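Colleague: Would you be able to build a 3D model of this:
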Amino acid sequence: MLTWWNPEKQRSCTAMEKKKIDWSSIGFGYVQTDYRYVANYKNGAWDEGGLTTDANITMNECACVLQYAQTVFEGMKAYTTADGRTVCFRPDLNAERMMDSCRRMRMPVFPKERFLDAIRQTVKANEAWVPPYGSGASLYLRPYMFGSDPIIGVKPANEFQFRVFGTPVGPYFKGGIKPLTIRVSDLDRAAPRGTGHIKAGLNYAMSLYNIVDAHEQGYDENLYVDSATRTHIEETGGANIVFVTGEGKLVVPKSDTILPSITRRSLIQVARDYLGLEVEERVVGIDELGNFAEAGLCGTAAVISPVGKIVDHGEEYTYAGMGSVIGKLYHTLTGIQMGTTPAPEGWIMVID
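Modeller: Residues are numbered from 1 along each chain as shown. From the prediction side, this is the model:
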């Protein structure tokens with residue numbers, strides 16, 4: 001039974017005993033928790049799945065995922081709210097996006113209700129690892145699926161494994177919320193009519209060289225433009241980007257090769273319905289970088305992080321950092337996640 005949070009029917013909960021961790025000092029890294037969910041697909045059907053304490057995966061050396069990177073994943077978080085509940089933020093959208101990713105990668109769809117139940121089971125079994133309210137930390141959840149049987153010819157796998165694990169994390173960007181410096185990249189993230197719009201592991205593998213190089217050059221991230229014309233802005237290697245005009249309008253880049261971020265989608269609704277802002281989703285030219293007052297990177301890991309500077313081949317564009325609009329977006333959305341701001345119907349799933 002999946003319970004969705006009705007903000008009109010809040011109840012106080014007795015917080016369970018948490019793990020003895022210095023929650024304020026944990027980074028964004030992997031910490032092995034007690035349980036994870038596993039389901040296997042074989043002979044055209046999924047087994048019943050369930051929880052296991054075994055964090056290791058054993059597979060053949062010729063497994064399809066190892067040869068041809070047939071894998072997709074999702075990312076979301078579980079939180080402790082102000083009234084002591086353990087909740088997840090919009091996991092139904094993660095389920096739907098993973099279904100889309102699976103179809104594009106010729107993988108069997110893991111049903112939406114089973115996905116949500118796997119999330120519930122994983123969080124409930126690891127509830128002691130969900131950081132307490134006010135710590136600034138959360139339990140990051142990683143659902144993923146991969147081709148597991150031996151495949152040497154270039155073709156899809158026949159057998160697959162779906163898994164979910166959780167790991168407690170602190171802020172994605174070390175040092176707390178501070179303005180980021182990013183550069184316009186000479187390399188491409190996604191091809192037209194390719195896989196940029198799905199959450200496939202191969203998309204992120206392609207960005208690894210570039211993110212290491214960016215860090216070595218003193219930048220926090222890479223900003224990618226469209227690979228066909230190199231004239232309009234898409235996203236960074238790990239997050240979508242949004243802009244704010246001097247008049248306070250939220251401008252959101254639009255492209256068929258941008259990953260449809262759940263955080264971005266939520267921020268758009270927050271901007272319109274909570275803050276009364278005008279929102280414009282459109283193609284944003286690289287030549288418009290100087291037209292905006294604020295900029296921010298948004299995604300599950302970071303929520304929204306302010307951008308202080310974008311460097312385009314020596315040309316520098318500066319922004320207000322945590323300006324008034326980016327700041328309001330951040331505090332409103334995190335308030336919804338933490339239970340201090342009423343949530344739209346269906347946005348919060350309670351783990352009970």
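Colleague: got the contact list for Ser207?
Modeller: With contacts defined as CB atoms under 8 Å, 6 or more residues apart in numbering, Ser207 is in contact with Arg189, Asn222, Gly237, Gly238. Placement of C-beta: from N, CA and C, glycine included.
Colleague: Could you report the neighbour count for Thr181?
Modeller: Look at Thr181: counted by other CB atoms under 10 Å, it has 17 neighbours.
Colleague: So which residues of the stretch 151-300 of the chain form helices?
Modeller: Ranges of helices in the stretch 151-300 of the chain, per DSSP state H, counting those that start in this stretch, are 201-205, 208-216, 262-269.
Colleague: Single out the most deeply packed of the ones you listed.
Modeller: helix 262-269 (a mean of 20; mean count of other CB atoms under 10 Å).
Colleague: tell me which residues in stretch 223-233 are buried?
Modeller: The neighbour-count check on stretch 223-233 (16 or more other CB atoms under 10 Å) flags Leu223, Tyr224, Val225, Asp226, Ser227, His232, Ile233 as buried.
Colleague: so where do the helices sit in the stretch 1-150 of the chain?
Modeller: Going by DSSP H, counting those that start in this stretch, the stretch 1-150 of the chain shows helices at 64-68, 91-104, 112-125.
Colleague: between the last one and helix 91-104, how big is the angle?
Modeller: Pointing back at helix 112-125 there. Following axes from the mean of the first three to the mean of the last three CA atoms, to 10 degrees, one obtains 130 degrees for the angle between helix 112-125 and helix 91-104.
Colleague: residues making contact with helix 112-125?
Modeller: With CB under 8 Å, 6+ apart, helix 112-125 has contacts from 2, 34-37, 39, 46, 49-51, 76, 78, 86, 88, 91-92, 94-96, 98-99, 110, 130, 139, 141, 143, 162, 164-166, 349, 351.
Colleague: what's the distance between it and the middle of its chain?
Modeller: 17 Å (CA atoms, centre = their mean, to the nearest Å).
Colleague: and it, which residues are buried?
Modeller: Under 16+ other CB under 10 Å, the buried positions of helix 112-125 are Arg114, Phe115, Leu116, Ala118, Ile119, Arg120, Gln121, Thr122, Val123, Ala125.
Colleague: So what's the predicted local confidence for the first one?
Modeller: Meaning Arg114. With respect to pLDDT, Arg114 scores 98.
Colleague: ok, so what distance separates it from Thr257?
Modeller: 29 Å (CB to CB, to the nearest Å).
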